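Undergrad: Next come a sequence and a model predicted from it.
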Amino acid sequence: MFKLKILIKNIKNIFKDAPELRTILFFTFIFALTAYPFLYQPPSYAWIGLTRAELGELPVKGSQHVTVELKTAPVIIYNKLYLPADFVAMASGISQDKIYSDPENFLLVIYDIQHSRIIAIDAKNKKVLINKREYNLLDEIVIKNDTILVSNIWLSKLFYVDISVNGRKITISPR
């Protein structure tokens with residue numbers, strides 16, 4: 001406890017002797033408080049059985065949510081939740097122009113620039129390739145209406161999101 005008191009006293013002396021440092025820290029604190037809402041990716045929402053979803057966007061673009069129409073609604077199959085992989089990728093902050101779909105071969109390629117990786121979801125062979133590392137997802141990928149649906153457990157791992165369900169409402173929050 002004694003060392004803590006000495007440390008606090010020394011820090012106070014530093015601030016007393018350096019008004020420039022106080023000014024810099026003050027404006028850094030103000031910037032952090034005002035910039036946070038503009039840098040924070042809001043959660044996205046989907047509903048089990050509905051093709052309407054709310055995609056969270058950075059507030060810089062205006063509204064925090066944009067209504068989107070999904071090709072296929074999220075579904076529960078054998079007590080497991082499946083969501084459209086492309087929607088969850090966008091909900092994680094990946095822009096739509098970094099998501100490439102090949103519906104004939106049931107392939108989805110996603111360029112995750114933020115984490116410096118390429119994710120390829122091969123629904124036909126039930127595999128995911130992340131930067132040349134292959135994962136077999138036998139019961140985790142479903143094709144419905146030419147849309148690749150992946151289980152919420154794997155989507156959480158792939159896109160660093162938290163997925164929670166409250167009744168029919170699904171919340172997808174970037175970590």
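TA: Sure, I can see it.
Undergrad: What sits closest to the spatially most central residue of the chain if chain neighbours are left out?
TA: For the chain, residue 92 is the residue whose C-alpha lies nearest the centre (CA atoms, centre = their mean; 2.1 Å). Take residue 92 and drop its neighbours on the chain: the residue closest to it by CB to CB, 6 or more residues apart in numbering is residue 159, 3.9 Å away. Yep, even glycine has a C-beta here, placed from its N, CA and C like the rest.
Undergrad: Confirm that residue 155 sits in a helix.
TA: Yes. Under DSSP: H, G, I helix; E, B strand; the rest coil, residue 155 sits within a helix.
Undergrad: can you count the residues close to it?
TA: 25 (other CB atoms under 10 Å).
Undergrad: can you tell me how far it sits from residue 67?
TA: Look at residue 155 and residue 67: by CB to CB, to the nearest Å, they are 21 Å apart.
Undergrad: Quick check on residue 152: phi, psi?
TA: Recorded main-chain torsions at residue 152 are phi -60, psi -30, according to degrees, to the nearest 10.
Undergrad: Just confirm it contacts residue 84, I think it does.
TA: No. In this structure, residue 152 is not within contact of residue 84 by CB atoms under 8 Å, at 11.4 Å.
Undergrad: Pick out whichever of those two has more residues nearby.
TA: A direct count of neighbours by other CB under 10 Å for residue 152 and residue 84 places residue 84 higher, at 26 against 23.
Undergrad: need the contact list for the more buried one.
TA: 70, 71, 72, 74, 147, 148, 149 (CB atoms under 8 Å, 6 or more residues apart in numbering).
Undergrad: of these, buried ones?
TA: Among those, those classed as buried by 16 or more other CB atoms under 10 Å are 70, 72, 74, 147, 148, 149.
Undergrad: Relative to residue 111, which of those is nearest.
TA: Closest approach to residue 111 among the buried ones among the contacts of residue 84 (CB to CB): residue 148, at 16.2 Å.
Undergrad: Go ahead and confirm the closest one touches residue 86.
TA: Yes. In this structure, residue 148 is within contact of residue 86 by CB under 8 Å, at 7.4 Å.
Undergrad: what is in contact with those two at once?
TA: residue 108.
Undergrad: Show me the strands in this protein, by range?
TA: 44-47, 52-56, 65-69, 75-77, 80-84, 99-102, 107-112, 117-122, 127-130, 133-136, 141-144, 147-151, 161-166, 169-174 (DSSP state E).
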